[in-house]
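> Sequence below, structure please.
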Amino acid sequence: MNKDIEEEDYPSLYETFDLGNRVKRIYKSKDGKYIEYKGIILAISKNSLEIYWDTVDGKYKPENINLDFTNCQVDEIFKGNSVYSPILKDKK
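Okay, here's the model as predicted:
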């Protein structure tokens, strides 16, 4: 499928998210355990978000955090992947 056509299937990241938005996603481990990550959007481009993940299951910067900065592509943001849920705004 043409990459330009695929991108049109998603809303604009610029219209959906703002710099500084808090976001979250769920990780499903191999043993079936769910882990909630929360972070802040540091950069937005046409096809990706740069996110700093700072909270795991409600704990700020735990020692065992296994990721901190990620560059998430548009498909992963809106659909997730085999282990991560889609990325959603964190509503407080």
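> Which is the succeeding secondary structure element to the strand ranked longest in the chain?
If you go by DSSP state E, the chain has its longest strand at strand 34-44. Next along the chain after strand 34-44, taking DSSP states H and E as the criterion, comes strand 48-56.
> How about Lys46: what's its closest non-neighbour residue?
Leaving aside its chain neighbours, Lys46 sits nearest to Leu13 (6.9 Å; criterion: CB to CB, 6 or more residues apart in numbering). The C-beta positions use only the backbone N, C-alpha and C, and glycine is treated the same way.
> Restricting the selection to alpha carbons, write stretch 79-92 to PDB.
Extracted in PDB, the C-alpha atoms of stretch 79-92 (Å, rounded to 0.1, in the frame of the first residue of the first chain):
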ATOM      1  CA  LYS A  79      -3.100   1.100  16.700                       C
ATOM      2  CA  GLY A  80      -0.500   0.000  19.200                       C
ATOM      3  CA  ASN A  81       1.500  -3.100  18.400                       C
ATOM      4  CA  SER A  82       1.900  -6.700  19.600                       C
ATOM      5  CA  VAL A  83       2.800  -5.700  23.200                       C
ATOM      6  CA  TYR A  84       1.800  -2.000  23.600                       C
ATOM      7  CA  SER A  85      -1.700  -0.500  23.400                       C
ATOM      8  CA  PRO A  86      -2.300   2.700  21.400                       C
ATOM      9  CA  ILE A  87      -1.100   5.900  23.000                       C
ATOM     10  CA  LEU A  88      -3.900   7.900  24.600                       C
ATOM     11  CA  LYS A  89      -4.000  11.300  26.300                       C
ATOM     12  CA  ASP A  90      -3.900  10.900  30.100                       C
ATOM     13  CA  LYS A  91      -6.900  12.600  31.500                       C
ATOM     14  CA  LYS A  92      -6.600  13.900  35.100                       C
END
